[in-house]
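Undergrad: predicted coordinates and the sequence they were generated for:
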Amino acid sequence: MTFSDRVKHIVRNIPEGATRTYQQITTAAGNPRAARAVGSVMRKNCDPSIPCHRVVKSDGTVGNYNRGGSMAKAMLLTLERNKETVL
């Protein structure tokens with residue numbers, strides 16, 4: 001399994017309403033110094049089953065999003081978190 005495949009597998013399994021940092025993803029994928037590589041994988045991701053909007057920066061900011069920018073990413077995260085509290 002390639003690094004990219006490991007990253008996609010990890011991100012695919014982030015629960016709705018939760019987030020993980022790029023650093024957490026790189027560590028789980030076996031290469032803790034590859035945060036930029038995770039960003040590259042997420043930037044190229046077009047698979048809707050891989051919720052790349054759930055990957056955020058270590059400082060808590062959302063970062064960029066290849067499907068509408070950072071505002072769209074923040075909105076998706078807010079909708080998911082609100083859904084969790086309503087249920």
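TA: Looks like it came in fine. Please read all numbers here as calculations on a predicted model, not as lab measurements. Numbering: from 1, shown residues only.
Undergrad: got the phi/psi numbers for L77?
TA: L77 adopts backbone torsions of phi -60, psi -40, taken as degrees, to the nearest 10.
Undergrad: that one touches R54, doesn't it?
TA: Yes: taking contacts as CB atoms under 8 Å, L77 lies within contact range of R54: 7.2 Å. All C-beta spots, glycine's among them, are computed from the backbone N, C-alpha and C.
Undergrad: now list whatever residues contact both of the two.
TA: Residues touching both L77 and R54 (CB atoms under 8 Å, 6 or more residues apart in numbering) are T19.
Undergrad: higher neighbour count, these two?
TA: Legend: neighbour count by other CB atoms under 10 Å for L77 and R54, higher for R54 (23 against 19).
Undergrad: and the more buried one, how close does it get to A35?
TA: R54 sits 15 Å away from A35, going by CB to CB, to the nearest Å.
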